[in-house]
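>>> Okay, sequence plus prediction incoming.
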Amino acid sequence: AVVPPLVWDAAMWDVWLKNGLVLLVIACPCALVISTPITYVCALTRAARFGVLCKGGQHLESLANLKAIALDKTGTLTEGRFVLSDVIPLAADTPVAEQTAQILQLLVAVEQRSTHPIAAAVCKSAEERGIMVSERCQVSDFQTMPGEGVCARVDGKLVEVGNARLGARLATSAAVTQQAAMYQALTEEGKTVVWVVVDGTAVGLVAAQDAPRASAPKVMDELHLLGIRTVMLTGDNEGAARAVQWATGVTEVHSGLLPEDKTQLIAELQADQELVQAGAVCLGLCRSEQACVGMLGDGVNDAPALGLATVGIAMGENGTAV
């Protein structure tokens, strides 16, 4: 590549440089072939050093093409460490202190078998108040009610702990109707509120708060600078979702979602023509004419959406359930 231009024609540098590179590739292709997987391995290794486990190099490549990213709220945008703030008994014929203790005993009996972050807050608060579940207490038939809450039989009584959907099932109850304003007020304060129901009768409201991650606003700003749309997908109430949006700066919010709702919204983002035309089309991992959409979550309810997204990212700092 150097000698011919010097000997014959100095103006032919470009041609002979190209010929020299062609000869190099033909003579030793192994170096070029090996360089690509080595790049992947280096990237995967470096990510692992920061506690990030990647399924493969192609997923790292897809991150560069993202134009939208959906985020769960609890444990992703927030710390996932709830603090119990309110316990509101609904019965009028029993002293408040006695009712509060009974409600917390029932909650602990059920929630100690749950993996949801709010369960840890309930158990910790009860422990701080010296409320313990009797060893003779029999708990059976624990179940998760998708998009609603959990339930179990405690000493033969069906105890349900859940969100607004559980309250909607009990809308005909006088106690629920009377406490609707209280429930709304708590949610507007940005609190996560759950109903406690025993044998079909609402006995109390329990509210908890979860602080946004300190790093979330900076991360949102950086994503927006890259032209990536941020969308919060949460099963929590509108008030709690808006409070986190205000604190973190996420662009768009969808609250009160079931797992299938999150999946549907991921599909809608992938089909969004504005995102597709913005150049967020991933070859290989996306179907034809689909936008590249990422999903961050940490719970079982997020699993279908994580699987459908171009790149699914399971948060594991607090012990991911996926």
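Perfect, thanks for sending it. Numbers count the residues shown, from 1 in each chain.

>>> And the contacts of stretch 142-151?
Contact with stretch 142-151 is made by 110-111, 113-114, 116, 141, 152, 158-163, 165-166, 194-195, 235, 257-259, 300-301, as judged by C-beta atoms under 8 Å, 6 or more residues apart in numbering. To be clear about C-beta, it is placed using only N, CA and C from the backbone, and glycine gets the same treatment.

>>> mind checking the end-to-end distance for that stretch?
6 Å (C-alpha to C-alpha, to the nearest Å).

>>> same check, this time on stretch 188-200
End to end - C-alpha to C-alpha - stretch 188-200 spans 26 Å.

>>> ok, and for it, which residues are buried?
By 16 or more other C-beta atoms under 10 Å, the buried positions in stretch 188-200 come out as 190-198.

>>> Which member of those residues is positioned nearest residue 137?
residue 198 (13.9 Å; C-beta to C-beta).

>>> show me the contacts for the closest one.
Counting by C-beta under 8 Å, 6+ apart, residue 198 makes contact with 106, 157-160.

>>> So which of the contacts of stretch 142-151 belong to helices?
Using DSSP state H, the members of these that fall within helices are 110-111, 165-166, 259.

>>> Considering the residues you listed, which possesses the most neighbours?
Sorting these by how many neighbours each has (other C-beta atoms under 10 Å) puts residue 111 first, at 26 neighbours.

>>> Excluding chain neighbours, what is closest to that residue?
Counting by C-beta to C-beta, 6 or more residues apart in numbering, residue 111 lies nearest to residue 119, which is 3.7 Å off, once chain neighbours are set aside.

>>> doesn't residue 112 make contact with that neighbour?
Yes. Between residue 119 and residue 112 there is a contact under C-beta atoms under 8 Å: 7.0 Å.

>>> who has more neighbours, the two?
More neighbours surround residue 119 than the other of residue 119 and residue 112, with 19 against 16 (other C-beta under 10 Å).

>>> The more buried one belongs to a strand?
No. Using DSSP: H, G, I helix; E, B strand; the rest coil, the assignment for residue 119 is helix, not a strand.

>>> can you pull the pLDDT of it?
The confidence metric pLDDT takes the value 81 at residue 119.

>>> Check residue 270 too.
On pLDDT, residue 270 comes in at 90.

>>> Kindly report the same for residue 247.
Residue 247 is assigned a predicted lDDT (pLDDT) of 92.

>>> Near it, how many other residues are there?
Neighbour count of residue 247, defined by other C-beta under 10 Å: 17.

>>> Using CSV, please lay out the buried residues of stretch 188-200 together with distance to residue 24 and pLDDT.
Formatted as CSV, the buried residues of stretch 188-200 follow (distance: C-beta to C-beta, whole Å; pLDDT from 0 to 100):
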residue, distance to residue 24, pLDDT
190, 62, 82
191, 66, 85
192, 62, 85
193, 68, 86
194, 67, 86
195, 71, 86
196, 73, 88
197, 74, 88
198, 78, 88
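
>>> Return the closest of those with respect to residue 50.
Proximity of the buried residues of stretch 188-200 to residue 50 (C-beta to C-beta) peaks at residue 192, which lies at 30.1 Å.

>>> quick one: strands adjacent to the biggest strand by length in the chain?
Of all the segments of type strand in the chain, defined by DSSP state E, the longest one is strand 201-209. Strand 201-209 sits in its sheet next to strand 83-89 (antiparallel), strand 192-198 (antiparallel), going by DSSP bridges.

>>> got those strands as TSV, with distance to residue 185 columns?
Shown next, in TSV, are the strands paired with strand 201-209 (distance: least, C-beta to C-beta, whole Å):
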stretch	distance to residue 185
strand 83-89	10
strand 192-198	9
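
>>> Of all these, which one comes closest to residue 209?
Nearest to residue 209 among the strands paired with strand 201-209 is strand 83-89 (5.3 Å), distances taken as C-beta to C-beta.

>>> So for that closest one, what gets flagged as buried?
84-85, 87-89.

>>> same thing with stretch 118-132?
By neighbour count with 16+ other C-beta under 10 Å, stretch 118-132 contains the buried residues 118-123, 125-126, 131.

>>> Out of those residues, which is nearest to residue 99?
Checking these against residue 99 by C-beta to C-beta gives residue 131 as the nearest, at 12.4 Å.

>>> Could you pull up the residues touching the residue nearest to the closest one when sequence neighbours are not counted?
Spatial nearest neighbour of residue 131, chain neighbours left out: residue 104 (4.9 Å); criterion: C-beta to C-beta, 6+ apart. Counting by C-beta under 8 Å, 6+ apart, residue 104 makes contact with 87, 122, 125-126, 129, 131.

>>> Narrow those residues to those in strands?
Short answer: those in strands (DSSP E) are residue 87.

>>> Now, the contacts of residue 104 that are in helices?
Among the contacts of residue 104, the members falling in helices (DSSP H) are 122, 125-126.
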